[in-house]
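Undergrad: Provided below for reference: sequence and predicted model.
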Amino acid sequence: MKHSPLLAPLLCVLAGVSIASVQAQTTPPAAADNTAVNKRDQAHVAPFPSDQPNNAADVKFAASVRSALVKDKTLSTKAHNVKLVASAGVVTLRGPVASAEEKAKVEQIVGAVSGVTSVDNQLDIAH
């Protein structure tokens, strides 16, 4: 029985892929430690997105803040999607952003929106 000269290398590659796959499946992932964030969120000191007032003025205000963030195409998708609560001139920002520089830039953009009197920047830097 004659074997193709490509058969042996192909079998070696397939065996290597399956071994790597098994190793990847058996290696437990590193435990995520977001205990501090969980404790902060359970304290419910800062407003959550569900706390966004539903009156027309605050809804329009929140929309203008979101629009300013989305308009800046240099921001990451994470920054475009931060959680925000906007009420009576106060904007609370929460969620992950890509870097400390981006965190500062988001705060600067939000602070420049007409009607913003203060920004509570609780953004986290994603790892």
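TA: Everything's here; your move. Numbers count the residues shown, from 1 in each chain.

Undergrad: show me where pLDDT drops low in the protein?
TA: 1-45 (pLDDT under 70).

Undergrad: Confirm that residue 74 sits in a strand.
TA: No - counting by DSSP: H, G, I helix; E, B strand; the rest coil, residue 74 falls outside a strand, being coil.

Undergrad: how about the nearest residue to it, chain neighbours excluded?
TA: Of all residues not flanking residue 74 in the chain, residue 105 sits nearest, at 7.8 Å (CB to CB, 6 or more residues apart in numbering). All C-beta atoms are positioned from the backbone trio N, CA, C, and that covers glycine.

Undergrad: Over to residue 102?
TA: Nearest one to residue 102, counting by CB to CB, 6+ apart, is residue 79 at 5.3 Å.

Undergrad: so the one you found touches residue 101, yeah?
TA: No - Residue 79 is beyond contact range of residue 101, at 10.5 Å (criterion: CB atoms under 8 Å).

Undergrad: Specify which residue of these two has the higher count of neighbours.
TA: residue 79 (24 against 10; other CB atoms under 10 Å).

Undergrad: does that one sit in a helix, a strand or a coil?
TA: Residue 79 - assigned by three-state DSSP - is helix.

Undergrad: What about residue 115, how many residues nearby?
TA: Residues lying near residue 115 (other CB under 10 Å) number 13.

Undergrad: for the one 5 residues further on, same thing?
TA: Around residue 120 sit 14 other residues, with neighbours defined as other CB under 10 Å.

Undergrad: residue boundaries of the strands in this structure?
TA: For the chain, applying DSSP state E gives strands covering 83-87, 90-97, 118-125.

Undergrad: what would these look like in TSV with distance to residue 53?
TA: Listed next are these as TSV, based on distance: least, CB to CB, whole Å:
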stretch	distance to residue 53
strand 83-87	5
strand 90-97	11
strand 118-125	15
